[in-house]
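**Student:** fold the following for me, if possible:
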Amino acid sequence: MKIGLLSDIHSELNGLELALAQLQLQNVDQIICIGDVVEIGRGRGDEVVARLKELAIPGVMGNHDQYSVGHHLWLLKNGDSADPTLPSRLLKPNTFTYLQHLPEILRYEWAGQRVVISHGTLWTLHPQTRPYIFKRIVELADADILILGHTHIPMRAHIEGRWVLNPGSVSERGSRTCAILTLPELCFSVYDIVTSEPIQEAFIDYP
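**Tutor:** Numbers count the residues shown, from 1 in each chain. Model prediction:
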């Protein structure tokens, strides 16, 4: 089974389309979005959400998704209804509903592996994070494979037989990458969405 992973789109429709093209080229069986679909008050977030919905891509809520929902609600309550710019600063109703109902965590069992997906606001792990924190978070997640986003850094970490994976970000402000997890082989490959070339992610091994 080949699972396509993309994260941290930040309302950049072009980045999303490049990532989708790469994943479709690799004939993935499933695509998952790991949060930060939109950006507050900028970009093409409505179009990004429409595209994810069109392709029925499951996803989790990122911190920017949560902020955008809050920002939208604040504008509805406090914005000047006579301000002609107000409608352009609000999310479209379908976008708002989509973001509001994104879960914080998705859980799957694929090829006998317990896979947990979360954006990273619950559990943030960098390549420089200390080993005991990696171990504790994987235990808290109750996962064989924990997939995170948020940091924009592609990463693969091995902790006492368990894995933490991060595909990086499709955004121009991030790594411009997506990734593929192949099971049961447990192969994790990261791709540059502009060149379509595989790249080497940060690898951490805590035996």
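
**Student:** alpha carbons only for contacts and neighbour counts from here, please
**Tutor:** Noted.

**Student:** any idea of the mean pLDDT for the helix or strand harbouring Leu52?
**Tutor:** Following DSSP states H and E, one finds Leu52 within helix 45-54. In this model, helix 45-54 carries a mean pLDDT of 96.

**Student:** got it, and stretch 114-128?
**Tutor:** Mean per-residue pLDDT for stretch 114-128: 90.

**Student:** how far does that stretch sit from the chain's center?
**Tutor:** Offset of stretch 114-128 from its chain centre (Cα atoms, centre = their mean, to the nearest Å): 10 Å.

**Student:** so what's the most centrally placed residue in the chain up against?
**Tutor:** The residue lying closest to the centre of the chain (Cα atoms, centre = their mean) is Ile34, at 2.1 Å. By Cα atoms under 8 Å, 6 or more residues apart in numbering, the contact set of Ile34 is 5-8, 59-62, 117-119, 147-149.

**Student:** and these, which is closest to Val138?
**Tutor:** Ile147 (10.1 Å; Cα to Cα).

**Student:** and the closest one, how far is that from Pro167?
**Tutor:** 8 Å (Cα to Cα, to the nearest Å).

**Student:** name the residue in those two with the higher neighbour count.
**Tutor:** Pro167 (33 against 23; other Cα atoms under 10 Å).
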